[in-house]
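> Below is the structure, and that's it, no one-letter string:
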């Protein structure tokens, strides 16, 4: 008599594809016995990583890694209190070399470590939850999408609003023709109080106690430690973060990319104007514009990002002048030939605009399955093989569009990008920024 096959023997089975309104196919899932826990490794457990530890603690944490043992001290203790046998690392490369009996990885590092950690997890056949943006560079995001598809692992990016009901309402209104042909969408980040990145090159300083500065730099060219980087200001540093655009685009532009099916575009044109970057830090006040061609039954459209001194976007001429200020204050706005829609931070508070239009139209027909929650969505995907809502097939393209904007932020020429090849068709300078050369010891995934 043969023994039953369990996930411990790495048996994988197919699962039915999720709703056709989402992108791609179902993942391959390991089988789980009743009440069996998902075995996690957590990479980056300070800051946002604490949330990942909270989710994984309801399952089982096998190991965790963080380069800053002082900043992550309380979270490390939380892990050890609940999972005394969990091993704590400073170098996640060693973790992946040693820990083999694992199901999933939760990656909550700074942006420049997202790819090196995630590519190792996918290569090991693990399901992966990675905070946004998915990667720092264009090559990296395309590589992760390709690998996740090949390995058929469950994935999710941490743009939590994508699992909410409001972004689904927006998509349903757009797809059902309520707004008519949407020709323009506007997106902006919060005002200065929620700009977490430094725009200052800082000053040389002593490395804080408990921080392994060499490991923190990871694949990036080695440099001296400076003020204004850790624990969170790295977001504004070009080698480590992706600036305001990287911090907020995957949240507030999610409705435009999903609802307008920008992920289906073969090409786009992009340009950036405004404050110039310095040699180390992303600029704050910029305007980025992407022009997308026709996509299926979607007409050509323009997506505009505005931040800092450019936070007030020029309205399309079809907007009633009496409504301009009211529309402009929303983080996202969508302009169609029949009407407008607006949304709040993280895609919350979606509604038609003005209020009289909302009352006239009412709610759309519900055609997109509702989610039980972003993290719950991921755990379900791990267990069942069903699609998670923001898996890498979708979220990699969302991130790719943002990263194209950041290249324009640096080059400041009008660029044309080919999503089929991952290259700019008219700029060698822009193509030189598609893939960075990793530091020695960090080549995995780049070669």
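Received, thanks. Every value quoted in this text rests on a predicted model; they were computed, and no experiment measured them. Numbers count the residues shown, from 1 in each chain.
> quick one, helices of the chain?
Ranges of helices in the chain, per DSSP state H, are 49-57, 73-82, 92-98, 111-123, 138-151, 165-175, 213-217, 243-252, 254-259, 324-328, 355-361, 374-384, 392-411, 428-431.
> Mind telling me which of those the model trusts least?
In terms of mean pLDDT, the lowest-scoring of these is helix 324-328 (a mean of 90).
> Residues touching it, excluding its own?
Residues external to helix 324-328 that are found in contact with it (Cβ atoms under 8 Å, 6 or more residues apart in numbering): 186, 312, 313, 315, 319, 333, 340, 342, 353, 354. All C-beta spots, glycine's among them, are computed from the backbone N, C-alpha and C.
> for those, which one is nearest residue 381?
Here the nearest of the contacts of helix 324-328 to residue 381, counting by Cβ to Cβ, is residue 342; it sits at 30.8 Å.
> Neighbours of the closest one, how many?
The number of residues packed around residue 342, counting by other Cβ atoms under 10 Å, is 22.
> from what I can see it touches residue 333, true?
Yes - proximity of residue 342 to residue 333 meets the contact threshold set by Cβ atoms under 8 Å, at 4.9 Å.
> got any residues that touch both of those two?
Shared between the contact lists of residue 342 and residue 333 (criterion: Cβ under 8 Å, 6+ apart) are residues 327, 353.
> can you tell me which of the helices of the chain comes nearest to residue 417?
Between residue 417 and those, the shortest gap by Cβ to Cβ is with helix 392-411, which sits at 4.9 Å.
> re the thing from before, write the PyMOL selection for whichever of the contacts of helix 324-328 are buried.
The PyMOL command for the buried members of the contacts of helix 324-328 (criterion: 16 or more other Cβ atoms under 10 Å) is given here:
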select buried, resi 186+313+315+319+333+340+342+353+354
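> Pull the most distant pair out of the contacts of helix 324-328.
Pairwise over the contacts of helix 324-328, using Cβ to Cβ, the maximum falls at 312 and 354, 19.2 Å.
> that older thread, which of the helices of the chain has the highest mean neighbour count?
helix 254-259 (a mean of 28; mean count of other Cβ atoms under 10 Å).
> So which residues make contact with it?
Outside helix 254-259, the residues touching it (Cβ under 8 Å, 6+ apart) are 159, 161-162, 167, 170-171, 174-175, 182, 185, 187, 262-263, 303, 332, 334, 343, 347, 350, 394, 397-398, 401.
> about what we covered before: could I get the helices of the chain as TSV with distance to residue 273?
Putting the helices of the chain into TSV (distance: least, Cβ to Cβ, whole Å) gives the following:
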stretch	distance to residue 273
helix 49-57	36
helix 73-82	42
helix 92-98	39
helix 111-123	24
helix 138-151	21
helix 165-175	28
helix 213-217	32
helix 243-252	14
helix 254-259	20
helix 324-328	18
helix 355-361	32
helix 374-384	34
helix 392-411	9
helix 428-431	16
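> Quick check: which of those helices is nearest to residue 36?
Of the helices of the chain, the one closest to residue 36 (Cβ to Cβ) turns out to be helix 374-384, at 8.9 Å.
> Now do that closest one: which elements does it pack against?
Identification of packing neighbours for helix 374-384 by 3 or more Cβ pairs under 8 Å, 6 or more residues apart in numbering; DSSP states H and E yields strand 29-30, strand 127-130, strand 155-157.
> of all the ones you listed, which lies closest to residue 71?
Shortest distance between residue 71 and those, using Cβ to Cβ, is found for strand 127-130: 20.0 Å.
> Identify the residues contacting that closest one?
Applying Cβ under 8 Å, 6+ apart, the contact partners of strand 127-130 are 27, 38, 52, 55, 103-108, 114, 117-118, 121-122, 148, 153-158, 375, 378, 381-382, 392.
> Check stretch 214-233 too.
46-47, 67-68, 71, 90-91, 110, 112-113, 115-116, 196-198, 200-208, 211, 213, 237, 239-240, 436, 438-439, 442, 446.
> Sort out which of those are buried, if you could.
Buried residues within the contacts of stretch 214-233, counting neighbours by 16+ other Cβ under 10 Å: 46-47, 67-68, 71, 90, 110, 112-113, 115-116, 197-198, 202, 211, 213, 237, 239-240, 436, 438, 442, 446.
> Run the chain-centre distance for stretch 199-215.
Distance of stretch 199-215 from its chain centroid, counting by Cα atoms, centre = their mean, to the nearest Å, is 26 Å.
> oh, I was asking about stretch 360-379
19 Å.
> Now residue 309: closest residue in space, sequence neighbours ignored.
For residue 309, ignoring the flanking residues on the chain, the nearest one in space by Cβ to Cβ, 6 or more residues apart in numbering is residue 285 at 3.5 Å.
> typed the wrong thing, it's residue 139
Leaving out its chain neighbours, the residue that sits closest to residue 139 by Cβ to Cβ, 6+ apart is residue 435, at 3.5 Å.
> Tell me the spacing between the one you found and residue 323.
Residue 435 sits at a distance of 44 Å from residue 323 (criterion: Cβ to Cβ, to the nearest Å).
> do the same with residue 283
In this structure, residue 283 lies at 30 Å from residue 323, with Cβ to Cβ as the measure.
> Tell me which of those two has more neighbours.
The neighbour comparison of residue 283 against residue 323 (other Cβ under 10 Å) goes to residue 283, with 22 against 13.
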